[in-house]
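Student: pasting the structure only:
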């Protein structure tokens, strides 16, 4: 029996820039009449497929969906899995991180995810999702 190696996908700067670019394009479709904060997200799979989405607000805050969860749910509903990276973009010169709810949901469906937070100018930082939510709820 052959032992399988864990393959780590480490995107190069070109892929990171592509994810950021896709997130910026998704941000255009944001519907944020209450906060005015337009967010775009782009989620990368191990197979290289990218799923993107924007945030959509509702007057009822619990009915609002963040761009990160929107991208994840879009991907899952199309049968995707094996998520490696997600890029999140909102502001011209400020980085934005996923909210607590998004962190929890992302951890449940993509525990080893790396989060790329970027501004609209392309300045970015990469952080492990597990570092953003070190005491996540789990099934055990």
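Tutor: Alright, I've got the coordinates. Everything quoted here is computed from the prediction, not taken from an experiment.

Student: Which elements pack onto the helix ranked longest in the chain?
Tutor: Longest helix in the chain, counting residues (DSSP state H): helix 13-27. Applying 3 or more CB pairs under 8 Å, 6 or more residues apart in numbering; DSSP states H and E, one finds that helix 13-27 makes contact with strand 40-45, strand 50-54, helix 67-77, strand 83-89, strand 114-118, strand 124-128. All C-beta spots, glycine's among them, are computed from the backbone N, C-alpha and C.

Student: repeat that for 6 Å
Tutor: strand 40-45, strand 50-54, strand 83-89 (3 or more CB pairs under 6 Å, 6 or more residues apart in numbering; DSSP states H and E).

Student: now the angle between strand 50-54 and the first one, please.
Tutor: Translated: strand 40-45. Strand 40-45 and strand 50-54 meet at an angle of 160 degrees, taking axes from the mean of the first three to the mean of the last three CA atoms, to 10 degrees as the criterion.

Student: what secondary structure does the closest residue to residue 133 other than its chain neighbours sit in?
Tutor: Excluding the flanking residues, the one nearest residue 133 by CB to CB, 6 or more residues apart in numbering is residue 103, at 4.1 Å. Reduced to three states with DSSP: H, G, I helix; E, B strand; the rest coil, the structure at residue 103 is helix.

Student: close enough to count as contact, residue 103 and residue 130?
Tutor: No - contact criterion CB atoms under 6 Å: residue 103 and residue 130 do not qualify, at 9.5 Å.

Student: Between the two, which is the more surrounded one?
Tutor: For residue 103 versus residue 130, neighbours defined as other CB atoms under 10 Å are more numerous around residue 103 (19 against 15).

Student: could I get the helices and strands packed on helix 13-27 as JSON lines with mean pLDDT?
Tutor: Shown next, in JSON lines, are the helices and strands packed on helix 13-27 (pLDDT from 0 to 100):
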{"stretch": "strand 40-45", "mean pLDDT": "98"}
{"stretch": "strand 50-54", "mean pLDDT": "98"}
{"stretch": "strand 83-89", "mean pLDDT": "97"}
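
Student: export the ones you listed to TSV and tack on distance to residue 64?
Tutor: Listed next are the helices and strands packed on helix 13-27 as TSV, based on distance: least, CB to CB, whole Å:
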stretch	distance to residue 64
strand 40-45	14
strand 50-54	12
strand 83-89	16
